[in-house]
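Chemist: Got a predicted structure here, sequence first:
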Amino acid sequence: MAQTKRKRRTKHRGNAAGVIEARGRTGRKPTSSEKAPARGSSASRNSDARARREERLNRPPSWRAAFNRALIAAAALFAISLLLLHQSVVSAAVLLPFVLLIYAPMGYYTDLFMYRRRQRQKGLR
């Protein structure tokens, strides 16, 4: 079979590792109407995230949040005791009220301590 004499139109971009690198723009620059509108600068997104974090840290602790965290911890302990420690479902379920009874107040008072410390450092109390 005869070989064609036609030249390759684009350069092969693969390297020794087989990764194909992007070539980048080679044509004309797009006009302002062709450009996609910017979705918001990263500085404004960072300031929004910073403001949300600041608002969350300035919120006083609640028993509800502490109880929800205790429920998550109890569910995790239940799963660990079933899967890793090979306990029966009944013996694992017996631990749940004790975990809630210990974790909820411990979480609330830890949050309260951290909240008061943060407020004291800011000079608000």
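Modeler: On my side now, so go ahead. Residues are numbered from 1 along each chain as shown.
Chemist: next one: the lengthiest helix in the chain to chain centre, how far?
Modeler: For the chain, the longest helix by residue count, based on DSSP state H, is helix 89-122. Chain-centre distance of helix 89-122: 23 Å, with C-alpha atoms, centre = their mean, to the nearest Å.
Chemist: Please report how far the residue nearest the centre of the chain lies from residue 55.
Modeler: Central residue of the chain (C-alpha atoms, centre = their mean): residue 49, 12.5 Å from the mean position. Distance, residue 49 to residue 55, using C-beta to C-beta, to the nearest Å: 11 Å. C-beta here means a position set from N, CA and C on the backbone, and glycine is covered the same way.
Chemist: pLDDT wise, what is residue 91 at?
Modeler: The score at residue 91 is 85. That number is its pLDDT.
Chemist: Please apply the same query to residue 41.
Modeler: 61.
Chemist: Which strand or helix spans residue 18?
Modeler: Using DSSP states H and E, residue 18 sits in no helix or strand.
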